[in-house]
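> need a structure here:
(one chain, ligands or ions: 3)
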Amino acid sequence: MSTENQDELFSFDDETHPHDDAGEANTWRILIVDDDVDVHQSTGFALANTEVFGRQLEFLHAYSAAEAVAVLREQKHIAVILLDVVMEADDSGLQLVRIIRKELGNTEARIILRTGQPGYAPEMEAIRDYDINDYKTKSELSRNRLYTALTAAVRSYDQISALNASRRGLSMVIRASSQLMARQGVSEFAAGIITQICGLFGLPPEGVVCAYDQSNRPDQALVIAAAGSLTNCINQYLDALPDHAIAHALSQCLRERVNNYGAHFTTLFFPGQAHNDMAAYLQTEKPLNELDKQLLEVFCTNITITLDNVQLLTQLKDHAYNDQLLHIPNRLAFVHALDRSLREDNRSATTLALIDIDGFSELNDALGHQHGDALLRAVVERLQQRLPADTLLARVAGDVFGILATTQMLDQANLIELFRQPLALEQINQNLSATIGLTCLDQIDGNGNDALKAANIALKHGKQHQRGEICHFTRDMEFETRARVRLLQNLRSAFDRERLFVVYQPQISLATRQLIGVEALLRWRNDDGSFVPPCDFIPLAESSGLIISLGEWVLRSACHDLKKLMKSSGQPLRMAVNVSVMQFRQPNYLETLDRALAESGIDPRLLELEITESVAMLEPGFMISLLNEIKARGICIAIDDFGTGFSSLSYLEQLNVDRLKIDISFVRQMEQSDGSRRIVETIIQLGKSLQLELIAEGIEQTSQAELLTRLGCHEGQGYLFSKPLELPALLAFMQTP
Ligand code: C2E
Ligand code: MG
Ligand code: MG
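Ligands and ions are numbered 1, 2, ... in the order given. Here you go, the predicted model:
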């Protein structure tokens, strides 16, 4: 059995065929081994024209042990050997028997030992060990006795060789099935069926396999594999096959659901699960014998089980490597493809891009998942239309698509064009922008995952600094990302080790200089006493989700401390707490709020939540109802850093907030820059017309406080009055008149 090449399916040599031509010959081959020429002749005479079980005898002759070995090496299917014990040496015959059984491995041929002189009888052990059928002295062997002995030996040979043939056949069926099992996908499997069966019977591979076309015409059987002269039938429906006889045989097989052994062909039926039946047509030329049919039945049963497994595996593989919503490769498949590309020599020829739809999760929240799915489908369609044909497109995360293409194709201009036109989606034109992270594979040291990581770093970078644009991966970005990861780890551990604390910055009435409230601000002190500024770690906490637990902790600390402040001063004080959009998006945010209020027992009207204009990015309906729920508890809402975002005026009005916080940048500039001053004026006018309270942040100069008062802003916060203070310092601040 040649199995050197695993890909090449069985190539059967003569010996391994359970049933081949010589086996079906019309004679029994008898080898006479004797150094006495007369014995050859007399045996020939004695048995001339005799039939044994309906077959003639065919004699082969050898005059020495060496000649006998040569004959046995060359000729197959020798049924009986009539062997002279004493030839060149006294034990030549027995030596030869040993060679036949042990060295030539011939266990089927029956052996009758003959000797001229009595007294040369072999030991009983030898007769047993070498499987010798008979031992006779030549004088004993009359014609009749010779005939009887020979008949018995031939019968025994026939039984042994039939048993061996079916045993060999069965083991080949099992091997063939397990080889088939390794085939990937149904059509490859089907092709394997042809090769394996034809191999099994030593036929040239000529055949076709058909199955119902599940994806296009489920009522039609399609040729899914074909071999030999029938190769051109592949992918044709049965009714379109040029050879009507084949089409007819296959349709009949599928209809009757049984194997059919014809005179020149064989059709085999393989029942599959859920209308996945298959039928095979094989050109067998002559009718198969019983053993062949039995083996085929075993093979078919075995294969049917295998086919089920293949169909299951195909399905599993599809799930493992394909995105079930968008029907394109998934992340795993993409990483494998990257691995392959990275093994190629010319890495600079291939570029990896990650495309992230800007604001997809907001759109998804706002318009519902069905719309989100439709949007993703439209994006895939657009990408498939616009990208070159040999591009690999995969979905690597919710709204992130991976593209692997030639560097030449993925140039800036092509990518920018992708979403310039709106997507037609459910009769509306949806404008989209996408941020793209890009890396050429020659930048990558590691494997597919590392490549994806690099492109993702570029993408993240783009999201932060160049939304809607293309960002190329650089080594610096990698360092930056590592630094961010380290910072985030440190932040987590600082939080766990209670290295974070809250400070409070007084808010003042500009007219009376009286303390009216405080803003809670988070602080992180390193082990060496230095501080990490919030503008470094808050965005990190936001993007990692840590802000949810961090924000809750700040809220509870602030409420708790407010309780203490009021106890010591006796006067009501407003407590402003910053809240991130991410916290708002938490489904249980209201419960968190209620818990903090209940725990501290503070008056909800003293609590103010500061949100930034980015809340405008959240779905309006959702935001309006959430803010109403919050306001229904008596809690106030302020819009922080007002003027830096893009909230629309009508939306602002609907949001039902209490206060606008004029951003520090305008306050800082307003005395030098007319533009900034006019913005401050406008915000104040806007606040007045919407009947909102106003507070200015970042007041450092008396002149700024005075100008703000003149313009109509009556509250302020800034270093001019006080820096953010720890609780004891704040208590002291409150004591000073
Ligand atoms: P913000 O809410 O606008 O806070 C005001 C920032 O201005 C604070 O910076 C404060 O220290 C600073 N500031 C106040 N007066 C002056 C002044 O006169 N001059 C100057 N130059 N700066 C002044 P901080 O504490 O560094 O906080 C930065 C930002 O981090 C905050 O801006 C807020 O957006 C965020 N943040 C701080 N704590 C929290 C928190 O607990 N949760 C959330 N979500 N964000 C927080
Ligand atoms: Mg604030
Ligand atoms: Mg601010």
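
> which ones are touching Leu47?
Listed by CB atoms under 8 Å, 6 or more residues apart in numbering, the contact set of Leu47 reads Ile30, Leu57, Phe59, Arg143, Leu146, Tyr147, Leu150. For the C-beta atoms, the positions are set from N, CA and C on the backbone; glycine is no exception.

> if we go to 6 Å?
Leu57 (CB atoms under 6 Å, 6 or more residues apart in numbering).

> Can you tell me how far it is from ligand 1?
107 Å (CB to the nearest ligand atom, to the nearest Å).

> Do you know the pLDDT at that residue?
pLDDT, Leu47: 87.

> try Ser530
Predicted confidence (pLDDT) for Ser530: 92.

> quick one: contacts of stretch 446-453?
Val335, Leu338, Asp339, Leu352, Ile444.

> so which of those is the most crowded?
Leu352 (30 neighbours; other CB atoms under 10 Å).

> How far does the host helix or strand of that residue sit from its chain's centre?
Using DSSP states H and E, Leu352 sits in strand 350-357. Computed by CA atoms, centre = their mean, to the nearest Å, the chain-centroid distance of strand 350-357 equals 19 Å.

> Buried ones in it, by neighbour count?
Buried positions in strand 350-357, judged by neighbour count with 16 or more other CB atoms under 10 Å: Thr350, Thr351, Leu352, Ala353, Leu354, Ile355, Asp356, Ile357.

> Does anything pack onto that strand? Which helices or strands?
strand 400-406, strand 434-440, helix 448-465 (3 or more CB pairs under 6 Å, 6 or more residues apart in numbering; DSSP states H and E).

> Direction included, what does it pair up with?
strand 400-406 (antiparallel), strand 434-440 (antiparallel) (DSSP bridges).

> which parts of the first one are buried?
Counting neighbours by 16+ other CB under 10 Å, one finds that the buried residues in strand 400-406 are Val400, Phe401, Gly402, Ile403, Leu404, Ala405.

> what's the angle between that strand and helix 448-465?
120 degrees (axes from the mean of the first three to the mean of the last three CA atoms, to 10 degrees).

> Using CSV, write out every CA atom in strand 400-406.
Extracted C-alpha coordinates of strand 400-406, given in CSV (Å, rounded to 0.1, in the frame of the first residue of the first chain):
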residue,chain,number,x,y,z
VAL,A,400,-15.1,46.8,12.3
PHE,A,401,-14.2,45.2,8.9
GLY,A,402,-10.9,43.8,8.0
ILE,A,403,-9.5,44.1,4.5
LEU,A,404,-6.5,42.4,3.1
ALA,A,405,-5.4,43.4,-0.3
THR,A,406,-2.4,44.4,-2.4
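
> which element follows it toward the C-terminus?
helix 412-417.

> so which of the strands paired with strand 350-357 comes closest to ligand 2?
Proximity to ligand 2 (CB to the ion) singles out strand 434-440 among the strands paired with strand 350-357, at 27.6 Å.

> Touching the closest one from outside, list them.
Taking CB under 6 Å, 6+ apart as the rule, strand 434-440 contacts 348, 351-358, 407, 415, 419, 454-455, 458-459, 462-463, 467-468, 470-473.

> Mind checking which of those are buried?
351-358, 407, 415, 419, 454-455, 458-459, 462-463, 470-473.

> buried stuff in stretch 635-643?
Buried, per 16+ other CB under 10 Å, within stretch 635-643: Ile635, Cys636, Ile637, Ala638, Ile639, Asp640, Asp641, Phe642, Gly643.

> what residues does this structure put near ligand 2?
Within the chain, the positions near ligand 2 by CB under 5 Å from the ion are Asn578, Glu610, Asp640.

> The residue of the stretch 451-600 of the chain found nearest ligand 2 and Ile639, how far apart?
Closest to ligand 2 within the stretch 451-600 of the chain is Asn578: 4.5 Å, counting by CB to the ion. Asn578 sits 12 Å away from Ile639, going by CB to CB, to the nearest Å.

> how far out from the middle of the chain is the lengthiest helix in the chain?
Longest helix in the chain by number of residues (criterion: DSSP state H): helix 143-181. Once both centres are worked out by CA atoms, centre = their mean, helix 143-181 turns out to sit 48 Å from its chain's centre.

> That helix: what's the following helix or strand?
helix 186-200.

> That next one packs against which elements?
helix 143-181, strand 207-212, strand 221-227, helix 290-321.

> What distance do you get for Gln159 to Asp292?
Relative to Asp292, and taking CB to CB, Gln159 is found at 18 Å.
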